[in-house]
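Colleague: Predicted model and sequence below, questions to follow.
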Amino acid sequence: MCKKVIFPLFLNPVLSPSLRVPSTPKEWLSQKERQEAERKYRQKAMDRLNAEQQQIKAAEEDKRRKASFQAWLHQKEVQKNWERLLKEREEEEKRQLQESRSREASEQAFKEWLRRKNREAQQRAKEGRERRRIGQAILLQRQRSGLLIRALQRANAGNLLYDVDPDF
């Protein structure tokens, strides 16, 4: 009985004619050279692919770093502008305090401030009175509704006594 020889796919001479079993040393040597050339070709292709992938990763990392730097730079610029604005305002306040006002101008400014505060207090009081008035109206409405509902319930309870069948 003859055993059937099963070749692995990469050694199968039918599927891979370049890997058939050589009959002479010269054929064997040329086959090995072809195999080595194919291996080198595949290795170079893999190296090129890896180099391309590394370049892509490096470009993406560079892009991410640039974006991060730009965001930081923008934030720093915003911070500097804010600090400059605060410093300008502080200097303006100092300058205004150093300028001496006349007594009449100071009294006029105080009177205007006092009038504004009085108007605001009157407005708050008016709003408070309006809120109380609305709240009282709501409470009164609830009380009246409750009285009406209880009266209707009592009236319906009385009707139930008269609805009883006398033959029952």
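Modeller: Sure thing, it's come through. Please read these numbers as outputs of a predicted model, since none were measured by experiment.

Colleague: ok, A58 - how many residues close by?
Modeller: 10 (other Cβ atoms under 10 Å). Just so you know, the C-beta spots here come from the backbone N, C-alpha and C atoms, and that holds for glycine as well.

Colleague: How about E120?
Modeller: 10.

Colleague: so which helix or strand takes in it?
Modeller: helix 103-162 (DSSP states H and E).

Colleague: Looking at that helix now, give me its mean pLDDT.
Modeller: Mean per-residue pLDDT for helix 103-162: 87.

Colleague: how far does it sit from the chain's center?
Modeller: Centroid separation between helix 103-162 and its chain, computed with Cα atoms, centre = their mean, to the nearest Å, is 43 Å.

Colleague: helices and strands around that helix, which ones?
Modeller: Applying 3 or more Cβ pairs under 8 Å, 6 or more residues apart in numbering; DSSP states H and E, we find helix 103-162 packed against no helix or strand.

Colleague: For E83, give me its contacts.
Modeller: Contact criterion Cβ atoms under 8 Å, 6 or more residues apart in numbering gives no residues in contact with E83.

Colleague: any idea how far Q75 is from it?
Modeller: Noted for E83: a distance of 13 Å to Q75, by Cβ to Cβ, to the nearest Å.

Colleague: measure the residue nearest the centre of the chain to A59 for me?
Modeller: Against the mean C-alpha coordinate of the chain, by Cα atoms, centre = their mean, the closest residue is A71 at 16.9 Å. From A71 across to A59, the span is 19 Å (Cβ to Cβ).

Colleague: Please apply the same query to R84.
Modeller: R84 is 37 Å from A59, by Cβ to Cβ.

Colleague: And for E91?
Modeller: Relative to A59, and taking Cβ to Cβ, E91 is found at 47 Å.

Colleague: cool, and E27?
Modeller: Counting by Cβ to Cβ, the gap from E27 to A59 is 47 Å.

Colleague: before we move on, what about V78?
Modeller: Taken as Cβ to Cβ, the span from V78 to A59 is 29 Å.

Colleague: and if you look at N156?
Modeller: Applying Cβ to Cβ, the value for N156 to A59 is 84 Å.

Colleague: Check R116 too.
Modeller: 62 Å.

Colleague: swap in A37?
Modeller: 33 Å.

Colleague: what do you get for R154?
Modeller: 86 Å.

Colleague: Could you do R89 as well?
Modeller: 45 Å.

Colleague: quick one: stretch 82-92 to chain centroid distance?
Modeller: 33 Å.

Colleague: buried stuff in it?
Modeller: Neighbour-count burial for stretch 82-92 flags no residue at all (criterion: 16 or more other Cβ atoms under 10 Å).
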